[in-house]
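> using only what follows, build the 3D model:
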Amino acid sequence: MTRSLTDLGQQLLDAAKRAGADGCDAMAVDGISHSIEVRARKLEQAERSEGVDIGLRVFVGARQACVSASDTSTDTIQEMAERAVQMARHAPDDAYIRQATAVELTSDWDVNALQLADPAVEPSAAELQQTALEAEANALDVAGVTQCQSAGAGFGSRRIHLCMSNGFSGGYARTDHGFSCVAISGSGTYMERDYDGDSRIFRSDLRGAAEVGQSAGARAVARQGARKPPTGVFPVLYDERISSGLIGHLLSATNGSAVTRGATWLHDAMLGSVLPQGISLIENPLRTRTGGSRPFDGEGLPVALRNIVEDGVLQQWTLDLATAAQLGLPSTGSAMRGPSGPPSPGVGNVELTAGTQSRKDLIRDMGTGLLLTSLIGSSINATTGDYSRGASGYWVENGEITYPVNECTIAGNLRDMLMRIVPANDGRQHLSRVVPSLLIPGMAIAGE
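Numbering: from 1, shown residues only. Next up is the predicted model:
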């Protein structure tokens, strides 16, 4: 490709103006993806892709339309613009859609300070394969492991550029290095599996492949002999590996898209308690070397640290320009987007206040209950918060892990559950969601 992403974006804007758009914004993304999988100590699959995606959103009065393509030829770009304008003319009016004003746009950001792209050379296929083989070999060396379901390593890199007819133009690059291993213990109907993995922006920050493989193997072996737990109401401890999903339900319920539709169990909760006193939930899109960071939002607005929940009290919805206008509030700089669609509100990096106790302390103090390490299926009512999930993990008696469990269901109501969480202090700081293990003092468990 001879044209830069900036040039592509400007060409899209020019084409949209010629086609009759009242306003427009364009996104151009290019990147590569490279992955390797091994099985039984041999190469199982290798994939590599490279490409460019372009997207255009046009405004015609109070109407909008979006189009996208992977062909960057001049003819295609002009055809995209003409098609988008025609689509917009037949779209319904939306009084809330708009572009940011000049005053709202950010003009000051430092992409380099965020360290979102690894300057190191892309790992070769041989290096990725060696990482996957090392993880698999170390998992297979764990006594009791009978096979590895999969072991893989990958690398991704992409560049993003956003430009708009209101004068905004900006871009940045991202990289991602990662690998994982899924180990299986036992055989026949007594097979159990578990996993471990790591993903970082910088390759040098990755954990060792041997450590990950050994961890996956040990976890799979520990699952042997799993059985159903007793039925009743018991304490439930969400392990740090899955606890962010619980907080994810809170983030979904405070998202402007759900709020404007009335499809949230927190519709009446603004400035009310949604977490225990002393616990806050903070978004920080400017953390270095973190996957959810960004220098500006998907509408060219500045991003900054904000308190979603402060001292247990809900402070803000998560809003882009359209949902903010619908609610009569300012945007929280939370617009996210890709080339093929319009912006929508979303959250990147969040951190929940850590507790003072370790995960081991919470296991000791919970007495008899369930330590959750995996959830399957989902039955969650978005308007009431009623919650039911299939679960597996370990049964705890007298503060000690006694045996693995599976084939059980946990149930409760999210509003009540979140108001009673007790956080541990084991959140991993490099993750985009820093959420420690979370104890809920009582939930319904359906087992034997």
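> how about residue 85, secondary structure?
Classification of residue 85 using DSSP: H, G, I helix; E, B strand; the rest coil returns helix.
> could you measure it against residue 217, distance?
Computed as Cβ to Cβ, to the nearest Å, the residue 85 to residue 217 distance reads 58 Å. From N, CA and C alone the C-beta is placed, and that goes for glycine too.
> hmm, who's touching stretch 336-343?
Here stretch 336-343 makes contact (Cβ atoms under 8 Å, 6 or more residues apart in numbering) with 27-29, 53-55, 57, 64, 66, 68, 97, 297-299, 320-322, 335, 344-346, 348.
> show me where pLDDT drops low in the chain?
1-2 (pLDDT under 70).
> care to break it down by domain?
Following automatic domain parsing, the chain resolves into domains at 5-221, 225-448.
> what would those look like in TSV with mean neighbour count?
Formatted as TSV, the domains of the chain follow (neighbours: other Cβ atoms under 10 Å):
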stretch	mean neighbour count
domain 5-221	18
domain 225-448	19
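> is it fair to say residue 68 lies in a helix?
No. Residue 68 sits outside any helix when classified using three-state DSSP, being strand.
> is it in a bridge, and if so with what?
residue 55 (DSSP bridges).
> mind listing what it touches?
Counting by Cβ under 8 Å, 6+ apart, residue 68 touches 53, 54, 55, 56, 80, 339, 340.
> which stretch of helix or strand covers the first one?
What that stands for is residue 53. Taking DSSP states H and E as the definition, one finds residue 53 inside strand 42-60.
> hang on, the earlier thing: can you put the contacts of residue 68 in TSV and add distance to residue 203?
Shown next, in TSV, are these (distance: Cβ to Cβ, whole Å):
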residue	distance to residue 203
53	25
54	29
55	30
56	35
80	37
339	27
340	30
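> can you pull out the helices in the stretch 101-250 of the chain?
Remark: helices assigned in the stretch 101-250 of the chain by DSSP state H, counting those that start in this stretch are 111-114, 125-140, 209-222, 240-253.
> what about the nearest residue in space to residue 15 that is not next to it in sequence, which SS state?
Counting by Cβ to Cβ, 6 or more residues apart in numbering, residue 81 is the residue found nearest to residue 15 once chain neighbours are left out, at 3.7 Å. Following three-state DSSP, the label given to residue 81 is helix.
> mind listing what residue 81 touches?
By Cβ under 8 Å, 6+ apart, the contact set of residue 81 is 12, 15, 16, 18, 19, 21, 24, 56, 58.
> follow-up on the earlier one: any chance of the helices of the stretch 101-250 of the chain in TSV, with distance to residue 410 too?
Formatted as TSV, these follow (distance: least, Cβ to Cβ, whole Å):
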stretch	distance to residue 410
helix 111-114	38
helix 125-140	29
helix 209-222	20
helix 240-253	11
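> for residue 73, give its distance to residue 8.
Plainly put, residue 73 is 11 Å away from residue 8 if you go by Cβ to Cβ.
> residue 154 too?
26 Å.
> could you check how far residue 402 is from residue 396?
Noted for residue 402: a distance of 7 Å to residue 396, by Cβ to Cβ.
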